[in-house]
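Engineer: Okay, sequence plus prediction incoming.
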Amino acid sequence: MDAPAALCRACVDLMDITGASVSLGREDPDVRMLWWSSGPVAARLAEAQYTLGDGPCRTVLTDAAPAFAEDLANGSDAARWPVFAEQALELGVRAVFSLPPRDSAFAIGTLDLYRDIPGPLSDRDRSFAFSAADAITTALLAIDAQDLGRDSGNGTGAAGDVAAEHGRGRGWSGRNRIMRQFTRPLE
């Protein structure tokens, strides 16, 4: 499961951003998990969105579409997510760019990038961010596909066979298996 973390690290190293995180979850507020963060501010920022029920990450999970807040101190972004904007500013965050790692139209989580200065992502950074979100999705589903292959020994796994039989294909079983992993009670 190191590939998604490496991709997130690459975002921080190669883009004009301050930090990043990958969270798994869905619209249901009880089904969320921070997978990786570049540091304590990124982790607290992700946690604030889940706890407050406000912020770009929540919009991504609901709409399965990117949500960019280019200036959390002023204008429409501050008005769109007022509670989150206040918390983000207290953490020193001025801009947040949330993208959905997704399979088809279903967001399986968020790639959250943040910056301590306001402003939009450059065209280069925007392109890289979307590519990273796609690569994170591929990595997540590949990890799950390896697990499915181990289930039955035939390379597809029993869960994949059942999903295909119902017209849902491997992506459907993959995202459900990923979500089941994060909805189990802690032991």
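Structural biologist: That came in fine, so what should we check first?

Engineer: for the chain, what spans make up the strands?
Structural biologist: When secondary structure is read from DSSP state E, the chain shows strands at 19-25, 32-37, 67-69, 95-99, 102-103, 106-107, 109-115.

Engineer: quick one: contacts of the first one?
Structural biologist: By C-beta atoms under 8 Å, 6 or more residues apart in numbering, the list of residues contacting strand 19-25 from outside reads 4-5, 8-9, 11-12, 31-39, 41-43, 45-46, 50, 57, 61, 101, 108-114, 136, 140, 178-179, 182. Yep, even glycine has a C-beta here, placed from its N, CA and C like the rest.

Engineer: ok, back up a step: pick the most deeply packed of the strands of the chain.
Structural biologist: Highest mean neighbour count among those (mean count of other C-beta atoms under 10 Å): strand 109-115, with a mean of 28.

Engineer: helices and strands around it, which ones?
Structural biologist: Here strand 109-115 touches helix 2-14, strand 19-25, helix 40-52, helix 56-63, strand 95-99, helix 123-152, going by 3 or more C-beta pairs under 8 Å, 6 or more residues apart in numbering; DSSP states H and E.

Engineer: that older thread, in TSV, list the strands of the chain along with distance to residue 127 and mean pLDDT.
Structural biologist: Converted to TSV, those look like this (distance: least, C-beta to C-beta, whole Å; pLDDT from 0 to 100):
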stretch	distance to residue 127	mean pLDDT
strand 19-25	16	87
strand 32-37	22	81
strand 67-69	14	95
strand 95-99	12	95
strand 102-103	17	63
strand 106-107	20	70
strand 109-115	13	92
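
Engineer: Pull the number of nearby residues for residue 47.
Structural biologist: When neighbours are defined as other C-beta atoms under 10 Å, residue 47 has 16 of them.

Engineer: List the contacts of the spatially closest residue to it that is not a sequence neighbour.
Structural biologist: If the residues on either side of it in the chain are set aside, residue 47 comes closest to residue 34, at 6.8 Å by C-beta to C-beta, 6 or more residues apart in numbering. Residues counted as contacts of residue 34 (C-beta under 8 Å, 6+ apart) are 21-23, 43, 46-47.

Engineer: how about 10 Å then?
Structural biologist: Residues counted as contacts of residue 34 (C-beta atoms under 10 Å, 6 or more residues apart in numbering) are 21-25, 42-47, 50, 109, 112.

Engineer: How many residues are close by residue 43?
Structural biologist: A count of nearby residues for residue 43, using other C-beta under 10 Å, gives 16.

Engineer: can I assume it is in contact with residue 36?
Structural biologist: Yes - counting by C-beta atoms under 10 Å, residue 43 touches residue 36, with 9.1 Å between them.

Engineer: Can you verify my assumption that residue 47 contacts residue 37?
Structural biologist: Yes - counting by C-beta under 10 Å, a contact exists between residue 47 and residue 37, whose distance comes to 9.3 Å.
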